[in-house]
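1. Just need the structure, nothing else, for what follows:
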Amino acid sequence: MIARIEDELTAAMKERDDARRDALRLILSALRASEKDLQRPLSEGEELQVLQRERKRRVEAIEAFDAAGRESQAAKERAELAILEEFMPEPLSEEELEQIVDDAIAEVGATSMRDLGRVMADVMPQVAGRADGSVVSQLVREKLA
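-> Residues are numbered from 1 along each chain as shown. Predicted structure coming up:
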């Protein structure tokens, strides 16, 4: 993924697309920092975790800037988020997510809210990067309630 982002960065620099170039540099910087922390190349799953973390930061920043009435900053964060999402896997549809949750509940034999942790532990690796954890948690809670 790092090589792909570097290629995109080179293309953005050639096209003089400053906004895209800056966003790609931020993404690349986050990936390289994680590699440096681990002192080894990242696996695909780890790359995905870094992208999810960056995506969450952008979403939180957008909410904060909107709440503060700083529309220009929020727009910049939205543009970065759009570029970041180009590298994320296709999100799961609601039906696909429900199917995964239903299968996990059946597999674990969950019957009450006490089984929430076991169901989440089964579901989250399957949906990594393709569904937001809070959405998954909410769906599991609704199903177990």
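2. Could you break this protein into its assigned domains?
-> 2-85, 94-144 (automatic domain parsing).
3. how far away is the residue sitting nearest the centre point of the chain from Ala68?
-> Central residue of the chain (CA atoms, centre = their mean): Gln52, 2.6 Å from the mean position. Gln52 sits 25 Å away from Ala68, going by CB to CB, to the nearest Å. Where C-beta positions appear, they are placed from N, C-alpha and C, glycine not excepted.
4. hmm, back to that, so the residue nearest to the centre of the chain touches Ala131, yeah?
-> No - Gln52 sits out of contact with Ala131 when judged by CB atoms under 8 Å, with a separation of 10.4 Å.
5. Could you point out which residue ranges in this protein have low pLDDT?
-> Low-confidence regions of the chain, defined here as pLDDT under 70, do not occur.
6. immediately after the lengthiest helix in the chain, which helix or strand?
-> The helix that spans the most residues within the chain, counting by DSSP state H, is helix 44-68. Under the assignment DSSP states H and E, the closest C-terminal helix or strand after helix 44-68 is helix 71-85.
7. Tell me the helices and strands packed up against that next one.
-> With contacts defined as 3 or more CB pairs under 8 Å, 6 or more residues apart in numbering; DSSP states H and E, helix 71-85 has these neighbours: helix 18-38, helix 44-68.
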